[in-house]
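> any chance you could fold what I've pasted below:
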Amino acid sequence: MTDGELRFDVVTIFPEMVTGALGYGVVGRGLETARVRVKTWNPRDFTADPHRTVDDRPYGGGPGMVMKFAPLAAAVRAARNDRDDAAPVVYLTPQGGRFDDRRARAMSGTGAILVCGRYEGVDERFVEACVDEELSIGDYVLSGGEPAALVVLDAAIRLAPGVLGDAGSAAADSFAEGQLDCPHYTRPEEIEGRRVPDVLLSGDHAAIRRWRREEAERRTRARRSDLLAGHSC
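Alright, predicted model coming up:
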């Protein structure tokens, strides 16, 4: 790693799913400017059999297959050895803790080694031996961890210094201050009978800031009142 570089490593049997989606928007810009680096590690490259096997039947029977310990562990160890820091190893799983804005902001400073599971999951001994944290992006099941990894990468990379064109954009995001963002409008002033609120056209910046703050709180109370728990208003 170079000074000021944010690095993520992704352990996946489908590296193209990850690399192919990262070349767009602010994330792509971060990669182009060398402020961010993402490197993939395929567990199949750490197998010894001709078929490059990374899964096997579960002990105790049942449907599906389970990802094997050895290829995953070897891939994670290779990623660790390729870094000069102690970034956490994060396994993306529906059973993990909730990924949120707080965690994204932390990762935007530390980076991480993200592990994408497949099939019915991974051998639990891999989690016990190699994983520092388990994270979930929501209460649903995906066909693999790659889409979840892309969510984590996008959320964290856009917060890294210098990636967003305007650093103030991240400060005004939903969740940044414990509530949702306010509504936004652009030209024209009226469309299909719907007008931009007059305050936004007034030029009164104090009134605009007050309106935005009040609208953010109103929207949060209406849609996500749980976010306001513990916050004084």
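> packing partners of the longest strand anywhere in the chain?
Counting by DSSP state E, the longest strand found in the chain is strand 89-98. Using 3 or more Cβ pairs under 8 Å, 6 or more residues apart in numbering; DSSP states H and E as the contact test, the elements touching strand 89-98 are strand 112-116, strand 133-136, helix 146-157. No exception for glycine: its C-beta is placed from N, CA and C like everyone else's.
> can you check which of these gets nearest to residue 33?
Among those, helix 146-157 comes nearest to residue 33, with 11.4 Å by Cβ to Cβ.
> who does the closest one touch, helix- and strand-wise?
So helix 146-157, by 3+ Cβ pairs under 8 Å, 6+ apart, packs with strand 6-11, helix 15-19, helix 25-32, strand 89-98, helix 101-110, strand 112-116, strand 133-136.
> can I get those in JSON lines including distance to residue 221?
Formatted as JSON lines, the helices and strands packed on helix 146-157 follow (distance: least, Cβ to Cβ, whole Å):
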{"stretch": "strand 6-11", "distance to residue 221": "35"}
{"stretch": "helix 15-19", "distance to residue 221": "38"}
{"stretch": "helix 25-32", "distance to residue 221": "30"}
{"stretch": "strand 89-98", "distance to residue 221": "21"}
{"stretch": "helix 101-110", "distance to residue 221": "18"}
{"stretch": "strand 112-116", "distance to residue 221": "34"}
{"stretch": "strand 133-136", "distance to residue 221": "26"}
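> quick one: low-confidence parts of this protein?
1-3, 34, 165-177, 230-233 (pLDDT under 70).
> give the residue farthest from the middle of it.
The centre of the chain is farthest from one residue, residue 193, which by Cα atoms, centre = their mean lies 38.4 Å away.
> re earlier: quick one, which of the helices and strands packed on strand 89-98 is nearest to residue 4?
helix 146-157 (13.8 Å).
> ok, the most centrally placed residue in the chain - contacts?
The centroid of the chain falls nearest to residue 152 when counting by Cα atoms, centre = their mean (1.0 Å). The neighbours of residue 152, taking Cβ atoms under 8 Å, 6 or more residues apart in numbering as the test, are 90, 92, 99, 104, 107, 112, 114, 135, 137.
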